[in-house]
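Colleague: sequence first, predicted coordinates after that:
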Amino acid sequence: MARRIAVRILLGAFTVLAVVLLTFVLQYVVPGDPARSIAGPKATPEVLKEIRGQLRLDDPWWSQLGHYLSSVLQGDLGTSYSNDRPVLSLILERLPATAALAAAALVVELLLGGLWGMWEAMRPKRSWLLATVNVGLLSMPVFSLGFLLLLLFGYKLPIFPIDGGSGLPQLVLPAVALGLMGSPYYANVVRDSMREALSSAYVRTAVSKGLSRRRIVSRHVLRNIASPVTTLIGMDVAVFLSGVVFVEKIFAWPGIGQMQTDAFADLDRPLLTGTVIVAAALVVTANLLVDLVRTAIDPRAASEAP
């Protein structure tokens, strides 16, 4: 187990490094001048030259990359061009809002997807109505669903506020949008896992002993679906905490995703790269924690390749 954890941490570190390198290089492909974005359209060439010198923008990209990596290793993600504040403090301010949205969306996914999958698994035939809804949700982009929810429950039926913010009323619509998009995956996994468990030998033995269906499901079947569902939870937590850009932007939710889009529009390279680094670190950490939880639930997972 210790070797497995060490290998996963090493692979995670290489993943974060690769993401940083790719993000840093791709920023040079994006047209625009950060100095111009900072100084404004009427800035003189002398002012622009001074800003580029202060920010090392005239240095070769590999020199900038080396300087940036040395700062990151010391825990410094740089200073935001547009806010003139440390990037790490800006990210930590937005992280609770994204975490709250991730937790709420995960609850919606588990409730809808889990109950849906269990109901389908207990039926002899699959419901074509639910299958149609499933396909419809899987084929719809999340921003389209977000706009539909915003139009319906924000404008037509003004039940929820649409002015942004991080309160509970503002949390409902983005959480439902994310939860609805993810619920079909949970439904499929729960359905398939439950059907496999219900047809297994140990369940048939439990039935022959006269155990009730409720007891069989609670003591035997649910344990069998815990491992794949845990894997899905870990993937979703990683995606949500890294910032769901479209949903946060549509609903003006003040999280990391919205900050990423603003940083991209402002050519704020330190802020954009910092959010990517934190997102990659969260993904790696979530995957490692899920791996440990799966191993605790199902020891057979420890034999899988790292």
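Modeller: Nice, thanks for sending it over.

Colleague: what sits against L69?
Modeller: For L69, the contact set (Cβ atoms under 8 Å, 6 or more residues apart in numbering) comprises V20. The C-beta positions use only the backbone N, C-alpha and C, and glycine is treated the same way.

Colleague: and V19, by the same measure?
Modeller: Neighbouring residues of V19 by Cβ under 8 Å, 6+ apart: V276, I277, A280.

Colleague: part of a helix, is the last one?
Modeller: Yes. Secondary structure assignment (DSSP: H, G, I helix; E, B strand; the rest coil) places A280 inside a helix.

Colleague: residues contacting it?
Modeller: T15, V16, V19, V20, S242.

Colleague: can you put those residues in CSV and add pLDDT?
Modeller: CSV is the format used below for the contacts of A280 (pLDDT from 0 to 100):
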residue, pLDDT
T15, 82
V16, 79
V19, 80
V20, 80
S242, 60
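
Colleague: from those residues, which land in strands?
Modeller: Using DSSP state E, no member of the contacts of A280 sits in strands.

Colleague: now for those, which pair is the farthest apart?
Modeller: V20 and S242 (14.1 Å; Cβ to Cβ).

Colleague: which one's more surrounded, these two?
Modeller: S242 (22 against 19; other Cβ atoms under 10 Å).

Colleague: max-length helix in the protein?
Modeller: The single longest helix within the chain, with elements called by DSSP state H, is helix 87-121.

Colleague: buried stuff in that one?
Modeller: 87-88, 90-91, 94-95, 97-102, 104-106, 108-110, 112-114, 116-118, 120-121 (16 or more other Cβ atoms under 10 Å).

Colleague: so for it, mean pLDDT?
Modeller: Averaged across helix 87-121, pLDDT comes to 87.

Colleague: now do whatever helix or strand comes next after that helix: everything it contacts.
Modeller: Note on helix 87-121: by DSSP states H and E, the next helix or strand toward the C-terminus is helix 128-139. Identification of contacts with helix 128-139 by Cβ under 8 Å, 6+ apart yields W116, E120, L145, L180, M181, S183, P184, A187, N188.

Colleague: F160 reaches V172, doesn't it?
Modeller: Yes. Between F160 and V172 there is a contact under Cβ atoms under 8 Å: 5.5 Å.

Colleague: what's the overlap in contacts for those two?
Modeller: Common neighbours of F160 and V172 (Cβ under 8 Å, 6+ apart) do not exist.

Colleague: tally of neighbours for K125?
Modeller: K125: 6 surrounding residues under other Cβ under 10 Å.

Colleague: next, the distance between the ends of stretch 240-258.
Modeller: 12 Å (Cα to Cα, to the nearest Å).

Colleague: tell me which residues of it are tucked away?
Modeller: Buried-residue list, stretch 240-258, by 16+ other Cβ under 10 Å: 240-258.

Colleague: which residues touch A177?
Modeller: Contacts of A177 (Cβ under 8 Å, 6+ apart): V142, L145, G146, L149, V247, I250, F251.

Colleague: report the separation between it and I162.
Modeller: Relative to I162, A177 is positioned 13 Å away (Cβ to Cβ, to the nearest Å).

Colleague: now do the shared contacts for the two.
Modeller: Joint contacts of A177 and I162 (Cβ under 8 Å, 6+ apart) are F251.

Colleague: could you measure from the residue lying closest to V293 once chain neighbours are set aside over to D291?
Modeller: Of all residues not flanking V293 in the chain, T230 sits nearest, at 5.4 Å (Cβ to Cβ, 6 or more residues apart in numbering). Using Cβ to Cβ, T230 is found at 10 Å from D291.

Colleague: and what of L178?
Modeller: Counting by Cβ to Cβ - L178 and D291 are separated by 24 Å.

Colleague: kindly report the same for N83.
Modeller: Distance, N83 to D291, using Cβ to Cβ: 36 Å.

Colleague: and for G117?
Modeller: Taken as Cβ to Cβ, the span from G117 to D291 is 23 Å.

Colleague: S63 too?
Modeller: Distance, S63 to D291, by Cβ to Cβ: 38 Å.

Colleague: for those two, indicate the residue with more neighbours.
Modeller: D291 (20 against 11).

Colleague: I am finished for the moment; much appreciated.
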